[in-house]
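>>> I would like to see how this sequence folds:
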Amino acid sequence: MNLKSLQEKIKILNEKTKPHYKLYSQQEKEILTKTIKLNEEVGELCNDILSILKLQRRAKLEKFDKRNMYQEFADVVITTIQLASTAGVDIQRAVSDKLKKIEQRYLKEKR
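Sure thing, here's the model as predicted:
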């Protein structure tokens, strides 16, 4: 199969499986854009981690400044909190509940 025939098959598949989107509310648009932004910020953090491990190509390594990683971690945290707020999630409760769950699992494993 060549790429052209694959593209045609995928076009047919897309038509059969195409979701029926409704118009998004303003809140849904904000959640969607903040989710995409979070992925962008995580990607930037991943680039910095790859640079620290010297797994980036030379051109990126030459431009890399380790101090930037602090900003990238902050961007991920801030964008996550923004997304949670927009989605109506109480981030303090979510983190607290999750930490309790992790602690309980850890205690069970210790026994």
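
>>> List the contacts of the residue nearest in space to the middle of the chain.
Residue closest to the mean C-alpha point of the chain, counted by CA atoms, centre = their mean, is residue 39 at 3.3 Å. With contact set as CB atoms under 8 Å, 6 or more residues apart in numbering, residue 39 has no partners. To be clear about C-beta, it is placed using only N, CA and C from the backbone, and glycine gets the same treatment.

>>> ok, it to residue 53 distance?
Separation of residue 39 from residue 53 (CB to CB, to the nearest Å) stands at 21 Å.

>>> and the next element down the chain from the helix or strand hosting residue 72?
When secondary structure is defined by DSSP states H and E, residue 72 falls within helix 68-86. Following helix 68-86 in sequence order, the next helix or strand is helix 91-110 (DSSP H and E).

>>> Flag every buried residue along the helix ranked longest in the chain.
Longest helix of the chain, by residue count under DSSP state H: helix 26-52. Neighbour counts over helix 26-52 (16 or more other CB atoms under 10 Å) mark 30, 31, 34, 38, 41, 44, 45, 47, 48, 51 as buried.
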